[in-house]
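Enquirer: model this:
(2 chains)
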Amino acid sequence: MDVSQYLGIFLDEAKEHIQVLSDQMLILEQEPDNQDAINEIFRAAHSLKGMAGTMGYKRLQRLTHDMEDCFSAVRAGQLTVTSEMMDVLFQALDAIEGYVDTIQNTSDEGDNDNDSIVNELNRILKGEAAGSGDAGEAKKEEEKKEEAAASASQSAPDDDKAIYKTIELDDTQRNVMKDAIVSGKHVYGFTVYIQESCLLKAARAFLVFKAIEEAGEVVVSSPSSQDIEDEKFEFNFSLFAISDDDFDKVKTAILSVSEIEEAVGEEYNEEMLDESSKEEAPVQESEAAEEKPVENAPVPVSAPAAKESPAAAAKKPAGKPVVSRTIRVDIEKLDTLMNLVSELIIAKNTIVSAAQTGQASGNNAIVENVEYLESVTTNLHEAVMKVRMVPIESAVQKFPRMVRDLEKKLDKKMNLTITGEETELDRTVVDEIGDPLMHLIRNSADHGLENTATRIERGKPETGTIFLNAYQDGNNVVIEVGDDGNGIDVEAVRSKIIERGYASEETANQMSDKDIINVLFDPGFSMAKQVTDISGRGVGLDVVKSNIESLGGDVEVKTKLGEGSTFIVRLPLTLAIIQALMVIVGGEKYAISLDSIQTIEDIPVSDIKLVQQKEVIQLRGTVIPIIRLSDVLGVESSRAENENLVVVIVKKGDTQAGLVVDELMGQQEIVIKSLGKYINCDRIISGATILGDGEVALIVDANALI
Amino acid sequence: MAAELEVYEEDVVTQYIVVNLGIEHYGIDIKYVDNIVRVPQITRVPNVQSYFKGVINLRGEVIPVMSLRLKFDMPEIEYTGKTRIIIIKLDPTAAIGVIVDEVEEVRDLPESMTERQTPDKNDASQLYITAVGKTDKGLVSILDLAAVIGEKEVG
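Expert: Okay, here's the model as predicted:
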């Protein structure tokens, strides 16, 4: 068998373990006495080590082993958690992540030994424990004792569970094992129970075989190794193995494979082997034994989990556990599905327009069914869209760790709070949103928050707060990233604009606060007096803005000097299909996303007023600037000058604007298509769509107009 | 016959689609040509490069189209029954349409029959030409497609 087929599982699990380590280490740093955290860490580190060993990644294994030693010493109370120690451990975690990344890219762990980190870890282990003798040794002793205790607690295996006793050995097998015993090796019988929630039983079983074969060989197994490979077994399998290692070591090796519930076994001597030949296991008994573990809620006894509280064990449901009803699907398949839905909607639009205009327009059956078809396609689109949605959690979960590192680097005290990480977004958006958010958090940490001394002086809490709040708002998802720091000093930016020659003094002085703040998003403009390696190269906010805009979203800032600033990122729920209002301007058809539209008004020409040379209207007490789309799009309006205006009121955040169009065509579900990379169109055109009659209509991005 | 065969053996032969703009012949390497279509309804796109006529719907895909005449600083003419759009895909994921007056033929041109061209900076149409091929019907200018569709800077 080849290990490479399990590489995918290894990578998925390794990443999970790394995430657990990262999360729990952060908790441990805050609460050095948190036993749950240390146990969790220990378990993850241990599994990671075992997996790395099984897959043959020696460097990864060595590093995790040393890390595990450290945690083990912490757990045993020989080491106290210090900030310096956590730094090293986090470095080690980064190195582990590095290995895993390299493995993902090349299927090989690379040749970076990370000796400095390993040495550092060992130094911590030795140095700290200098008073209490050789800590490493003591710790290992302890570990052994623990393991021994864990195995002792069930060293007299329960006959019901020891299915290996029912394996019928033939003479050759018995002789092989006897020979082994004579030559000083050990023979063991084992029954291994796999957790019932396990999805890849065969892979687990394979890893168990592999673990045993590191120091020995499997003589016989039940079911046969071929059946196990084909997953033709329940949640347990039994085997006889010859090994050089002692019983505990073999057992620990088996239990180090993930998702192994339990391993029941004992060592065989020659007499026992002879006996087993006489003992002809009745068929019923073996059946009963196989059913047993299903009926009885299995008690977790695996060594790393041995410390689990009884309460946790009791939580395990009796009887059959709920099998997770999910499948993993390649994102490409979902993309294909989405494309097909898009095409279906275009075809549906064609039928709809034919039904409205063609000969069928009087036929009730057709009209009714076309309406039915419309609702089905809309529901289908929503369903496919929901399948593509994932929580933003995966994009934000690395931030607590990042803030911790920034805290050290910047020597500021700060705290990150995240809410709404369960908010869902299209998978593509979630994949892309991590970087912009990371920039914003770095920006808050570096520029937003004052240093500790200033904060105390200003009567603010010593620890600065950075927050990330995500929530759904209509057809958008809003992610707010902000801090309770200094806020943006508009006047300072203004003078910086003049100083850098970004705009003349005159222009700069005329710019509104909003315009000034928007300059921060321009490429190449940085406020930082010093370029640090965290931010300040002027490649932060403009990248944030362009990344977010390429996802069809936008970003705005709210700031109050002295109180902090908030960046509000608004993202569309879906990328491909939207509800739009179709309008006609100068004989051409355009689509405006329904999300941004507030109302549609009929305004007499006499209601238009001029404020600072700009046309505005007054609507229910608010002054709203109007934009004549015909001017922006470079066409002649088909309306007479004195006719009433059709004004589509759109909003972006708190800002409103009125778009003057010639005619309204109605609402339609449209599929967004890109204009391609060759055409350098204005930002006001965000894409195109194909109408029912095959004509192409452009999509006007109201956000870009405001 | 024998002479021709010899040419085939030692030469790299490229197939070109020969198109006409007015009296001039241009060759487009056939391996980048995805399709040749009649001119459908073109939707104008505001505020873009002047030689872009807009976008078309080609079997459900939105594809930008440019006028080769405008790109070469030639006067525009009315579309006729012979006007065609050559759909070019330099990059398999991004198509672009090029409007030409007429498609003449598909022609094999051995490399020995073409001559590299140093672009004449004063003639707009010369900027987009890599070589000139000799045929029995006259000269064919081989288009530098990357330059034509704006993937690389010229001039």
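Enquirer: by proximity to chain B, which residue of the stretch 351-500 of chain A wins?
Expert: A:Ser353 (14.1 Å; CB to the nearest CB). Using the backbone N, CA and C atoms, a C-beta is placed for each residue, glycine as well.
Enquirer: nearest spatial neighbour of that residue, skipping sequence neighbours?
Expert: The shortest distance from A:Ser353 to any residue other than its chain neighbours is 3.3 Å, reached at A:Gly692 (CB to CB, 6 or more residues apart in numbering or on different chains).
Enquirer: how about the backbone phi and psi for the residue of the stretch 51-200 of chain A found nearest chain B?
Expert: For the stretch 51-200 of chain A and chain B, the shortest gap (CB to the nearest CB) falls at A:Asn105, measuring 23.6 Å. Taking degrees, to the nearest 10, you get phi -80, psi -30 for the backbone angles of A:Asn105.
Enquirer: do the same with the one 5 residues further on
Expert: Geometry field for A:Gly110 lists phi and psi as phi 80, psi -180, criterion degrees, to the nearest 10.
Enquirer: just checking, it touches A:Asp101?
Expert: No. Taking contact to mean CB atoms under 8 Å, the distance of 9.2 Å between A:Gly110 and A:Asp101 leaves them out of contact.
Enquirer: quick one: the helices in chain B?
Expert: In chain B, the helices defined using DSSP state H lie at B:2-10, B:68-71, B:145-148.
Enquirer: what does the last one rub up against?
Expert: Outside helix B:145-148, the residues within contact range by CB atoms under 8 Å, 6 or more residues apart in numbering or on different chains are B:Ile28, B:Asp29, B:Tyr32, B:Leu68, B:Lys71, B:Ile88, B:Leu90, B:Val98, B:Leu127, B:Tyr128, B:Lys152, B:Val154.
Enquirer: tell me how far the fourth one lies from chain A.
Expert: Spelled out, that is B:Leu68. Applying CB to the nearest CB, to the nearest Å, one obtains 14 Å for the distance of B:Leu68 from chain A.
Enquirer: still on that earlier bit, return the set of buried residues in the host helix or strand of the residue of the stretch 351-500 of chain A closest to chain B.
Expert: Using DSSP states H and E, A:Ser353 maps to helix A:331-357. With burial defined by 16 or more other CB atoms under 10 Å in any protein chain shown, the residues of helix A:331-357 counted as buried are A:334, A:337-338, A:341-342, A:344-346, A:348-349, A:351-355.
Enquirer: tell me which element A:Glu13 falls in.
Expert: With DSSP H and E as the criterion, A:Glu13 is inside helix A:7-30.
Enquirer: next one: the helix or strand following that helix to chain centre, how far?
Expert: Towards the C-terminus, the helix or strand next in line after helix A:7-30, according to DSSP H and E, is helix A:35-55. Centre-to-centre, helix A:35-55 and its host chain are 21 Å apart (CA atoms, centre = their mean, to the nearest Å).
Enquirer: likewise for stretch B:44-58?
Expert: 18 Å.
Enquirer: can you check stretch B:67-81 too?
Expert: Going by CA atoms, centre = their mean, where stretch B:67-81 is centred and where its chain is centred differ by 13 Å.
Enquirer: and the end-to-end length of that stretch?
Expert: Terminal residues of stretch B:67-81 lie 16 Å apart, using CA to CA, to the nearest Å.
Enquirer: neighbouring contacts of it?
Expert: Among residues not part of stretch B:67-81, those counted as contacts by CB under 8 Å, 6+ apart are B:19, B:21-22, B:26, B:39, B:50-53, B:98-101, B:124-125, B:128, B:148.
Enquirer: which of those count as buried?
Expert: Using 16+ other CB under 10 Å as the burial test, the contacts of stretch B:67-81 include B:19, B:21, B:26, B:39, B:51-53, B:98-101, B:125, B:128, B:148 as buried.
Enquirer: and which of those is nearest to chain A?
Expert: Closest to chain A out of the buried ones among the contacts of stretch B:67-81 is B:Phe52 (5.6 Å), distances taken as CB to the nearest CB.
Enquirer: quickly list what that closest one is bridged to.
Expert: With DSSP bridges as the criterion, the beta-bridge partners of B:Phe52 are B:Met66.
Enquirer: what's the pLDDT at it?
Expert: Looking at B:Phe52, its pLDDT stands at 91.
Enquirer: name the residues that touch the helix holding A:Glu13?
Expert: Helix A:7-30 is contacted by residues A:34, A:37-38, A:40-41, A:44-45, A:47-48, A:51-52, A:55, A:74, A:81, A:83, A:86, A:89-90, A:93, A:96-97, A:100, A:103-104, A:107, A:200, A:203, A:258, A:397-398, A:400-401, A:404 when judged by CB under 8 Å, 6+ apart.
Enquirer: residues of that helix that come out buried?
Expert: Neighbour-count burial for helix A:7-30 [16+ other CB under 10 Å]: A:9-11, A:13-14, A:17-29.
Enquirer: where do the strands sit along chain B?
Expert: With DSSP state E applied, chain B shows strands at B:13-21, B:24-29, B:33-38, B:52-58, B:61-67, B:84-91, B:94-100, B:102-110, B:114-116, B:129-135, B:138-143, listed in chain order.
Enquirer: mind giving me the packing neighbours of the third one?
Expert: Read it as strand B:33-38. Helices and strands in packing contact with strand B:33-38 are listed as strand B:84-91; criterion 3 or more CB pairs under 8 Å, 6 or more residues apart in numbering or on different chains; DSSP states H and E.
Enquirer: in the chain, which residue is closest to the centre?
Expert: With no chain named, the answer covers chain A. A:Ser394 (1.5 Å; CA atoms, centre = their mean).
Enquirer: chain B is the one I meant
Expert: If you average the C-alpha coordinates of chain B and look for the closest C-alpha using CA atoms, centre = their mean, you land on B:Ile28, 4.5 Å from that point.
Enquirer: B:Tyr16 is in contact with that residue, correct?
Expert: Yes. Taking contacts as CB under 8 Å, B:Ile28 lies within contact range of B:Tyr16: 6.2 Å.
Enquirer: lowest pLDDT pick from the buried ones among the contacts of stretch B:67-81?
Expert: For those, the minimum pLDDT belongs to B:Ser125; the value there is 62.
Enquirer: residues of the helix or strand containing A:Cys70 that come out buried?
Expert: Per DSSP H and E, A:Cys70 falls inside helix A:58-75. Applying a neighbour-count criterion of 16+ other CB under 10 Å, the buried positions in helix A:58-75 are A:59-75.
Enquirer: ok, stretch A:431-445 next?
Expert: For stretch A:431-445, the buried set under the neighbour-count rule, 16+ other CB under 10 Å, comprises A:432-434, A:436-445.
Enquirer: now stretch A:419-427
Expert: Of all the residues in stretch A:419-427, those buried under the rule 16+ other CB under 10 Å are A:Gly420, A:Glu421, A:Thr423, A:Glu424, A:Leu425, A:Asp426, A:Arg427.
Enquirer: so which of the residues you listed is the closest to A:Glu491?
Expert: Ranked by distance to A:Glu491 (CB to CB), these are led by A:Gly420 at 33.9 Å.
Enquirer: distance-wise, check the closest one relative to A:Gln397.
Expert: From A:Gly420 over to A:Gln397 the distance is 13 Å, taken as CB to CB, to the nearest Å.
Enquirer: same question for B:Asn20.
Expert: As for B:Asn20, its distance to A:Gln397 is 61 Å (criterion: CB to CB).
Enquirer: ditto for A:Leu645
Expert: In this view, A:Leu645 and A:Gln397 are 50 Å apart by CB to CB.
Enquirer: for those two, indicate the residue with more neighbours.
Expert: More neighbours sit around A:Leu645 than around the other of A:Leu645 and A:Gln397, counting by other CB atoms under 10 Å in any protein chain shown; the figures are 21 against 16.
Enquirer: skipping adjacent residues, who's closest to the more buried one in space?
Expert: Excluding its sequence neighbours, the residue lying closest to A:Leu645 (CB to CB, 6+ apart) is A:Ile603, at 4.7 Å.
Enquirer: correct me, but that neighbour touches A:Ile649?
Expert: No. The criterion here is CB under 8 Å, and A:Ile603 misses it with A:Ile649 at 10.0 Å.
Enquirer: between those two, what contacts are shared?
Expert: Here A:Ile603 and A:Ile649 have A:Gly658 as joint contacts, going by CB under 8 Å, 6+ apart.
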